[in-house]
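Peer 1: Quick one: sequence and predicted model below, then my questions.
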Amino acid sequence: MLHVKTKKLFDSDNESETLPTPPSILFLPSAMPPMASESSMPEQAAANSSPEGYMRIAIPKKGRLYEKCTALLSGAGVEYTRLPRLDVAYCHDLKLTLVFLPAADIATYVGEGNVTLGITGEDVVRESCVKVATEIKLGFGRCRLCLQAQASKGIKSPSEVAGGRIVTSFTNIASSYFSGLDGGSAAKTKIKFVSGSVEAACGLGLADAVVDLVETGTTMRAAGLEIISEIMTSEAVLISNPQATADADKIALLVRRIDGYITSTRFVMISYNVNAEFLDAACIVTPGKHSPTIQTLLNGDKAVSCLISKKEAAKKMDDLHDIGATDILIMQIANSRM
């Protein structure tokens with residue numbers, strides 16, 4: 001049986017459901033898709049299992065982080081095969097098992113040692129109250145966890161809702177936040193958990209305020225809410241179990257791959273020629289990530305190349321042109337190791 005690579009995201013979250021065995025698919029040699037050889041793939045003893053010696057990394061199985069995570073791993077050279085309706089996948093060239101889990105559970109799995117690595121939000125890590133190490137911040141999934149109340153109420157301070165009713169999906173964070181506001185007050189803030197549509201709680205009379213994530217603020221404003229206080233900022237992070245010392249080399253390798261890909265998405269290579277008289281001024285414009293590479297041309301001019309922020313590329317090209325640089329080129333980077 002040949003394992004077929006699929007990028008389709010399946011929606012079933014019912015872990016107790018008995019899933020049918022995927023049918024065998026036979027490809028004719030002329031139509032066989034390119035993939036890892038059978039000898040490079042691990043033996044699968046049971047569905048959703050991880051072979052012995054394979055490090056496990058958990059990524060969100062769906063939602064706003066799923067597509068970002070799969071793009072990140074692909075860019076970092078982590079290619080894998082995932083069979084339909086299974087929550088594990090095996091990497092082709094690394095002894096690595098990907099485990100697809102709800103984002104809210106990933107920090108717990110990592111903290112308790114069920115998986116070695118995981119990608120989830122900083123808000124989830126804090127809410128889970130587990131001890132994990134942050135290996136690298138990934139730069140996506142940015143949002144804020146905020147205390148929100150109805151704009152029509154004119155509430156300006158968190159103390160105005162302390163002792164009242166708070167609805168949230170982040171009960172641990174909310175409880176910690178309001179414990180400092182309640183102090184010795186007899187009226188303790190009542191924290192109620194709901195799993196979704198938190199923004200509707202105030203309008204339905206269930207809460208005096210809510211603690212919820214804000215990304216763009218569109219949903220918040222549509223529900224007639226406004227921010228009273230920002231509790232924390234969050235973005236996606238790669239976390240690890242601090243006790244996973246046996247996997248230290250594999251963790252370091254994966255972190256290098258991810259960091260190299262992130263660098264390639266944030267920087268471009270700029271190359272230009274400039275008269276030696278203007279070299280110092282040009283290097284002030286393009287100091288590089290560490291230092292520019294400078295070579296001397298046959299006519300005595302200098303050829304300079306270095307990394308610059310992708311966001312600043314257009315302006316730096318204009319500045320170099322004004323200094324007198326010529327042959328200014330911008331080159332995209334597919335990957336890197338710094």
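Peer 2: That came through, no problem. Model, not experiment: these values are computed from the prediction.
Peer 1: Just grab the bridge partners of Lys137 for me.
Peer 2: Val237 (DSSP bridges).
Peer 1: neighbours of it, just the number please.
Peer 2: 13 (other CB atoms under 10 Å). Where C-beta positions appear, they are placed from N, C-alpha and C, glycine not excepted.
Peer 1: just checking, it touches Glu235?
Peer 2: Yes: contact criterion CB atoms under 8 Å: Lys137 and Glu235 qualify, at 5.9 Å.
Peer 1: Just checking, which helix or strand of this protein averages the lowest pLDDT?
Peer 2: The helix or strand of the chain with the lowest confidence, counting by mean pLDDT, DSSP states H and E, is strand 80-81 at a mean of 88.
Peer 1: How far does that one sit from its chain's centre?
Peer 2: Distance, stretch centre to chain centre, for strand 80-81: 19 Å (CA atoms, centre = their mean, to the nearest Å).
Peer 1: Next: stretch 302-316.
Peer 2: 27 Å.
Peer 1: which other residues reach it?
Peer 2: Stretch 302-316 is contacted by residues 263, 265-276, 279, 282-283, 285-289, 291-297, 325, 330, 333 when judged by CB atoms under 8 Å, 6 or more residues apart in numbering.
Peer 1: ok, and for it, which residues are buried?
Peer 2: 302, 304-308, 316 (16 or more other CB atoms under 10 Å).
Peer 1: From these, which land in strands?
Peer 2: 302, 304-308 (DSSP state E).
Peer 1: Relative to Gly75, which of those residues is nearest.
Peer 2: Leu307 (17.0 Å; CB to CB).
Peer 1: picking that back up, among the contacts of stretch 302-316, name the buried ones.
Peer 2: Applying 16+ other CB under 10 Å to those flags 263, 265, 267-270, 272-274, 279, 282-283, 285-286, 288, 292, 325, 333 as buried.
Peer 1: residues of stretch 114-134 that come out buried?
Peer 2: So for stretch 114-134, counting by 16+ other CB under 10 Å, buried means 115-128, 130, 132.
Peer 1: Stretch 329-338 now?
Peer 2: 333, 336.
Peer 1: Can you pull out the residues in contact with that stretch?
Peer 2: 75-77, 256, 259-261, 263-264, 267-272, 289-290, 307, 313, 317.
Peer 1: and the end-to-end length of it?
Peer 2: Using CA to CA, to the nearest Å, one end of stretch 329-338 lies 21 Å from the other.
Peer 1: before we move on, what about stretch 219-228?
Peer 2: 16 Å.
Peer 1: Centre of the chain to that stretch, how far?
Peer 2: 25 Å.
Peer 1: go on, stretch 132-141?
Peer 2: The answer for stretch 132-141 is 7 Å, by CA atoms, centre = their mean.
Peer 1: I'd like the average pLDDT over that stretch.
Peer 2: Here stretch 132-141 scores 96 as its mean pLDDT.
Peer 1: List the buried residues for stretch 252-259?
Peer 2: For stretch 252-259, using 16+ other CB under 10 Å, the buried residues are 254-255, 257-259.
Peer 1: What is the nearest of these to Ser152?
Peer 2: Distances from Ser152 to the buried residues of stretch 252-259, taken by CB to CB, are shortest for Ile258, at 45.1 Å.
Peer 1: Give me the mean pLDDT for the one helix or strand the closest one maps to.
Peer 2: Element membership for Ile258, per DSSP states H and E: helix 248-266. For helix 248-266, the mean per-residue pLDDT is 96.
Peer 1: by contact count, what packs against it?
Peer 2: strand 55-60, helix 66-75, strand 133-137, strand 236-240 (3 or more CB pairs under 8 Å, 6 or more residues apart in numbering; DSSP states H and E).
Peer 1: How about residues contacting that helix?
Peer 2: Against helix 248-266 from outside (CB under 8 Å, 6+ apart): 55, 57, 72, 75-78, 94-96, 116-117, 135-136, 138-139, 238, 240, 244, 289, 307, 309-310, 333-338.
Peer 1: again, only using 6 Å
Peer 2: The contact list for helix 248-266, computed with CB atoms under 6 Å, 6 or more residues apart in numbering, reads 55, 75-77, 135-136, 240, 310, 333, 335-338.
Peer 1: can you check stretch 106-125 too?
Peer 2: 55-59, 69, 99, 103-104, 128, 130-132, 141, 145, 234, 236-241, 244, 247.
Peer 1: Select only the buried ones of those residues in ChimeraX?
Peer 2: Buried residues among the contacts of stretch 106-125 (16+ other CB under 10 Å), as a ChimeraX selection:
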select :55,56,57,58,59,69,99,103,104,128,130,132,141,145,234,236,237,238,239,240,241,244,247
